[in-house]
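S.K.: This is a predicted model, with the sequence first.
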Amino acid sequence: MPVKNSKPRNKNIEFPPVPLAERVRPRSLDEFRGQQHLLGEGKPIRVMMDKDAIGSFIMWGPPGSGKTTIARLIAKKTGSNFHQLNAVSGGVRDLRAIFELAAEAKLNGEKTILFIDEVHRFNKMQQDALLGAVESGLVTLIGATTENPSFEVIPALRSRARIFVLNSLEKEELEEIIKFALTEDEFLRTFKVKNIDTEYLIYASGGDARILLNLLEAALILESDKDEINIDKGVIENCIQQKVLQYDKGGEEHYNIISAFIKSLRGSDPDAALYWMARMIEGGEDPLFIARRMLVFASEDIGNASPNALVLAEACFSAVDKVGMPEGRIILAQCATYLAGSPKSNSSYMGIEKAIGDVRNNPAYPVPLHLRNAPTKLMKNLGYSKGYKYPHEFDKHFIDENYLPEEMKGKQYYFPSTSGQEKAIRDRLAELWKHKKKYNN
């Protein structure tokens, strides 16, 4: 990307102590790039800001996607007191201190926003400490997490806060962030930059805007003794060498390795699975992340071909959580080799995907009367449960009946494979439903 600077190079300039990512943090939504599905006109967070009606919510997204900036922009737009806490270093004592300040502010008619970065790092007790203040409206909680809130945030807190998913920034958005920094930052404007390999800079950052900006500044400082600067792949790689371990966990290689691990399990290659798992462990990956991925895999890719796979994966997650590392690696290895060596089937996964597709694309058809519950006399008079045939009263505990809406009658989603234990399920269903469903194609 060719670059034009507005000022000549000042060789006596002092290096600023504040990182570039902080110096060019957006001051308004006009300067913010990305997350238009949340911040665009008529979108959820934008509407809350425009109406000054901010409710508690949690942002789930990759590093450097704008979570902290969004929280600060909301506080600025709504005129709220803003308190930021990092869950890694903060605790219940810090929360209580903030609650006291929020109570004083409330007496003066002021609102308080509590932004907790890495909220998933709070343990259950710490998350419990938030509930009263959030529910009473003493503070508006804005949480930020890079981990799935379904696993890491307690249900009671999730029920009091909406969940918004942030997307990784697109290439075009990252290019705009680079241009904004070069034109708006006083320090960067002192450099005469001829060209920047933006494509490689974006690749090296892993799509993390914070890393992108700080890497850009590191490259400029590295070349600061030159009158005309060309930031090419070599210069960027020279900067990365100093911080490669910091970048990798959230960068592209992280996703490449977990993909290779899952595909090795799916391909029934325990040796490859162990190798990629070892790469993750040695790279400092969270062992519970690995265990969680195997939990999903056991159901998605093995399913009813070996139902015990899900049981073992759940036991693995629980055991690793209790034991920790380094011993947890043994448990992870046992689970991975079992999953790799198990028969495979994705029939249940494919079935639910097709069913969800029909639910989304068709009307919500009424439940047939014979399938409805009839706990009251009125419901019975209306025909609820009338004509229902209790399978246990029939031979083989089965009766040929329609259990779908009339409009969906005859629809079939589950096609069991002949792999492992699922063959027995297939054979039984084929015998029971031989006049209505097809299982032998």
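M.R.: Nice, thanks for sending it over. A quick note: this is a predicted structure, and the numbers were derived from the prediction, not measured.
S.K.: Which residue ranges make up the domains of this structure?
M.R.: 34-165, 170-245, 252-341 (automatic domain parsing).
S.K.: got TSV for these, with mean pLDDT, distance to Val24 and mean neighbour count too?
M.R.: Any C-beta I mention is one placed from the backbone N, CA and C, and that applies to glycine too. Shown next, in TSV, are these (pLDDT from 0 to 100; distance: least, CB to CB, whole Å; neighbours: other CB atoms under 10 Å):
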stretch	mean pLDDT	distance to Val24	mean neighbour count
domain 34-165	92	10	17
domain 170-245	86	5	18
domain 252-341	92	24	18
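S.K.: Could you dump these into TSV and include distance to His392?
M.R.: Output for the domains of the chain, formatted as TSV (distance: least, CB to CB, whole Å):
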stretch	distance to His392
domain 34-165	35
domain 170-245	56
domain 252-341	23
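S.K.: Which one, of those, ends up nearest to Gly387?
M.R.: Proximity to Gly387, assessed across the domains of the chain by CB to CB, is greatest for domain 252-341 (31.1 Å).
S.K.: Can you tell me the closest non-neighbouring residue to Val119?
M.R.: Gly143 (3.6 Å; CB to CB, 6 or more residues apart in numbering).
S.K.: helix/strand/coil for the one you found?
M.R.: Assigned with DSSP: H, G, I helix; E, B strand; the rest coil, Gly143 falls in the strand class.
S.K.: re earlier: quick one, which of the domains of the chain is nearest to Asn402?
M.R.: From the domains of the chain, taking CB to CB, the stretch that ends up closest is domain 252-341, at 23.7 Å.
S.K.: so what's the backbone phi/psi at the nearest residue to Val139 once chain neighbours are set aside?
M.R.: Excluding its sequence neighbours, the residue lying closest to Val139 (CB to CB, 6+ apart) is Leu114, at 4.3 Å. Torsion angles at Leu114 (phi, psi; degrees, to the nearest 10) stand at phi -110, psi 110.
S.K.: All further residue positions should be reported with the first residue as 25.
M.R.: Taking 25 as the first residue, the last one we looked at is Leu138.
S.K.: Break down the stretch 225-374 of the chain into its strands, ranges please.
M.R.: 253-255 (DSSP state E, counting those that start in this stretch).
S.K.: Next: the stretch 25-174 of the chain.
M.R.: Using DSSP E, counting those that start in this stretch, strands in the stretch 25-174 of the chain cover 81-84, 105-110, 136-141, 164-169.
S.K.: helices and strands around the first one, which ones?
M.R.: Read that as strand 81-84. Counting contacts by 3 or more CB pairs under 8 Å, 6 or more residues apart in numbering; DSSP states H and E, strand 81-84 packs against helix 91-102, strand 164-169, strand 186-189.
S.K.: go with 6 Å
M.R.: Contacts defined by 3 or more CB pairs under 6 Å, 6 or more residues apart in numbering; DSSP states H and E place strand 81-84 against strand 164-169, strand 186-189.
S.K.: Same question for the third one.
M.R.: The contact analysis (3+ CB pairs under 6 Å, 6+ apart) places strand 136-141 against strand 105-110, helix 116-131, strand 164-169.
S.K.: So the residue nearest to the spatial centre of the chain versus Val189, what's the distance?
M.R.: Closest residue to the average C-alpha location of the chain: Asn172 at 4.7 Å, with CA atoms, centre = their mean. Distance of Asn172 to Val189, given as CB to CB, to the nearest Å: 10 Å.
S.K.: Which residues are in contact with the spatially closest residue to the residue nearest to the centre of the chain that is not a sequence neighbour?
M.R.: Nearest non-adjacent residue to Asn172, counting by CB to CB, 6+ apart: Trp84, 6.9 Å away. For Trp84, the contact set (CB atoms under 6 Å, 6 or more residues apart in numbering) comprises Thr169, Pro173, Val189.
S.K.: can you check Ala45 too?
M.R.: Arg234, Leu237, Asn238.
S.K.: Could you point out which of the helices and strands packed on strand 81-84 sits nearest Ala129?
M.R.: Across these, closest to Ala129 is strand 164-169 (CB to CB), at 11.7 Å.
S.K.: can you give me the offset of that closest one from its chain's centre?
M.R.: 14 Å (CA atoms, centre = their mean, to the nearest Å).
S.K.: With distance to Leu246 as added columns, please give the helices and strands packed on strand 81-84 in a markdown table.
M.R.: Listed next are those as a markdown table, based on distance: least, CB to CB, whole Å:
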| stretch | distance to Leu246 |
| --- | --- |
| strand 164-169 | 31 |
| strand 186-189 | 36 |
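S.K.: Of all those, which one is nearest Ile253?
M.R.: Checked against CB to CB, the stretch from those lying closest is strand 164-169, at 34.4 Å.
S.K.: re earlier: out of the domains of the chain, which comes closest to Asn405?
M.R.: domain 58-189 (36.9 Å).
S.K.: picking that back up, for Glu46, which of the domains of the chain is the nearest?
M.R.: domain 194-269 (8.9 Å).
S.K.: For the closest one, what is the distance to the chain centroid?
M.R.: For domain 194-269 - counting by CA atoms, centre = their mean - the centre lies 27 Å from the chain centre.
S.K.: same deal with stretch 407-420?
M.R.: With CA atoms, centre = their mean, you get 44 Å for stretch 407-420.
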